[in-house]
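S.K.: Provide a 3D model corresponding to the input given below.
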Amino acid sequence: MIKELAQGLVDLIFDWGYLGIFLLMSIESSFIPFPSEIVLIPAGYLASQGQMSIALIMVSALGGSLVGAFINYYLALTLGRKILQKYGKYFFIKENALDKMDKYFQKHGHISTFIGRLIPGIRQLISIPAGLAKMNLAVFSIYTALGAGIWALVLTMLGYFIGENQELLDAYLKQITIAVFLVLVILGSLYAYYQKRTAVKEKNITYKGNKE
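M.R.: Just a heads-up that it's a prediction; the model follows:
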């Protein structure tokens, strides 16, 4: 069944072209769980056969990813926030929880959005807390585009170079997913270390200023 679905998607991409990629990536990036692998890897393979352009695949994929992310962001901003404010107490969500979320995303929203877009199973969902926290839309858009663009390029290149070899494709995709996860762990650790050092420096400066 999965194989038939994947083949159907390849046919859809072939028939609809870049519009098919845009629509499927919009779905993948919204609240409907949908694996981007079975969209962009076949598209990359079609590019290797000279039937599509990698540049236009990337534009379509990135555009669709942003549209899907904006859908989640605005639904969370308009509906989700009102629902939590009204009914959150029934789910043990305190009134100050949203205020804490707002402050967190004001300070760390950029790195959270970027890292979230590169983690399978989370990249579709990271837009929801960003919307709930009223994260700056320009910052949200930039880091969503960066994360989504990197992931789309990786999948497209996999399809371009080894799209015909399913076993090799599965092996490489697994290795790349692990490598990306490790890089993100390192990036997150470095960011936390930098934030901690900055906080210590600011505290020392404040202490010296008060002492003088």
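S.K.: name the surrounding residues that touch stretch 129-144.
M.R.: 65-66, 69, 72-77, 80-81, 84, 98, 101-102, 104-106, 109-114, 117, 127 (CB atoms under 8 Å, 6 or more residues apart in numbering). Every residue, glycine included, has its C-beta placed from N, CA and C.
S.K.: just the buried subset of those, written out for PyMOL, thanks.
M.R.: To isolate the buried ones among the contacts of stretch 129-144 in PyMOL, judged by 16 or more other CB atoms under 10 Å, type:
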select buried, resi 65+66+69+72+73+75+76+77+80+81+84+98+101+102+105+109+110+111+112+113+114+117+127
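S.K.: tell me which of the contacts of stretch 129-144 fall in helices.
M.R.: 65-66, 69, 72-75, 81, 84, 98, 101-102, 104-106, 109-114, 127 (DSSP state H).
S.K.: now do the contacts for residue 113.
M.R.: Residue 113 makes contacts with 126, 127, 130, 135, 139, 140, 143, 144, 147, as judged by CB under 8 Å, 6+ apart.
S.K.: what helix or strand is the fifth one on?
M.R.: If I follow you right, that is residue 139. If you go by DSSP states H and E, residue 139 is part of helix 137-162.
S.K.: any chance of the contacts of residue 113 in TSV, plus distance to residue 158?
M.R.: Below are the contacts of residue 113 laid out as TSV (distance: CB to CB, whole Å):
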residue	distance to residue 158
126	23
127	25
130	28
135	31
139	29
140	27
143	23
144	22
147	17
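S.K.: closest one of those residues to residue 194?
M.R.: Closest approach between these and residue 194, by CB to CB: residue 143, at 16.6 Å.
S.K.: tally of neighbours for that closest one?
M.R.: Residue neighbour count, defined by other CB atoms under 10 Å, stands at 22 for residue 143.
S.K.: any idea how far residue 42 is from it?
M.R.: 27 Å (CB to CB, to the nearest Å).
S.K.: mind checking pLDDT for residue 80?
M.R.: We note a pLDDT of 75 for residue 80 in this prediction.
S.K.: burial count for the closest residue to it other than its chain neighbours?
M.R.: Spatial nearest neighbour of residue 80, excluding adjacent residues (CB to CB, 6 or more residues apart in numbering): residue 132 at 5.5 Å. Residue 132 has 21 neighbours, counted by other CB under 10 Å.
S.K.: how close does residue 132 sit to residue 153?
M.R.: Distance from residue 132 to residue 153, by CB to CB: 29 Å.
S.K.: what of residue 30?
M.R.: Distance from residue 30 to residue 153, by CB to CB: 21 Å.
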